[in-house]
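A.B. asks: sequence unknown, structure follows:
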């Protein structure tokens, strides 16, 4: 069974994000980049399926500039067999990313596509669902448990009322939640081996898709600084401030 894992290059979650002085975007100069944490979980799950003898090949794919090859090499070092970079300098909307991934799915014919439920930079939580609609494949979102059973995959997902398990016929699309697994670290020998694994580069323009952005970033600003709290002397004073100052109760 072939497993396809789309990954995204994002600012490392440990880095404090800075906004450009002109508020046009986030400042990426000299900033550490990494695989999106949810995508890292997807890579780990695909590798575990291979280690269990269920998956025969794990393919990592990323869309972006040449810089995203660093994250693809990381995925290869973690255990992916080969990688595909779709080259583009454009900032793509979720729908355009899904359309490009649709073309990759049509070419590679994977039985399972595993991707992070969302990226920590945009937080859209859209690409997996859009890809499922475009490919007409069943989807299991927010997966906390994934079990492949013959020609089906059982996905336990977290919902408002607790847990829900859905049985999907393969081929299928699964998006990962935080509790699915704990990603491993790449060992030095595997990092060296990753340099020799195949990484194909394809131009986004060659897929024949209109990549014109449908959204435009008007302004980026840092979150407002929180004001210091106050200590009240009594319940009555707390109620008074909640009612008259915060106006959260009436």
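C.D. replies: Looks like it came in fine. Only a predicted model underlies this, so the values are computations on that prediction, with no experimental measurement involved.

A.B. asks: CA atoms for contacts and neighbours, from now on please.
C.D. replies: Will do.

A.B. asks: which ones are touching residue 15?
C.D. replies: 31, 32 (Cα atoms under 8 Å, 6 or more residues apart in numbering).

A.B. asks: Is it in a helix, a strand, or coil?
C.D. replies: coil (DSSP: H, G, I helix; E, B strand; the rest coil).

A.B. asks: now swap in residue 5 and tell me
C.D. replies: Residue 5 - assigned by three-state DSSP - is strand.

A.B. asks: And for residue 102?
C.D. replies: Here residue 102 is recorded as helix under three-state DSSP.

A.B. asks: any idea how far it lies from residue 245?
C.D. replies: Distance of residue 102 to residue 245, computed by Cα to Cα, to the nearest Å: 52 Å.

A.B. asks: Same drill for the two, tell me which one is more crowded.
C.D. replies: residue 102 (18 against 10; other Cα atoms under 10 Å).

A.B. asks: Tell me the confidence at that one?
C.D. replies: At residue 102, the model reports a pLDDT of 97.

A.B. asks: Pull up the gap between the residue lying closest to residue 151 once chain neighbours are set aside and residue 240, please.
C.D. replies: Distance criterion Cα to Cα, 6 or more residues apart in numbering; nearest residue to residue 151, sequence neighbours excluded, is residue 170 at 5.6 Å. Distance of residue 170 to residue 240, computed by Cα to Cα: 59 Å.

A.B. asks: In terms of packing, which of the two has more residues around it?
C.D. replies: residue 170 (20 against 15).

A.B. asks: Identify the residues contacting that one.
C.D. replies: Counting by Cα under 8 Å, 6+ apart, residue 170 has contacts 111, 112, 138, 151, 152, 153.
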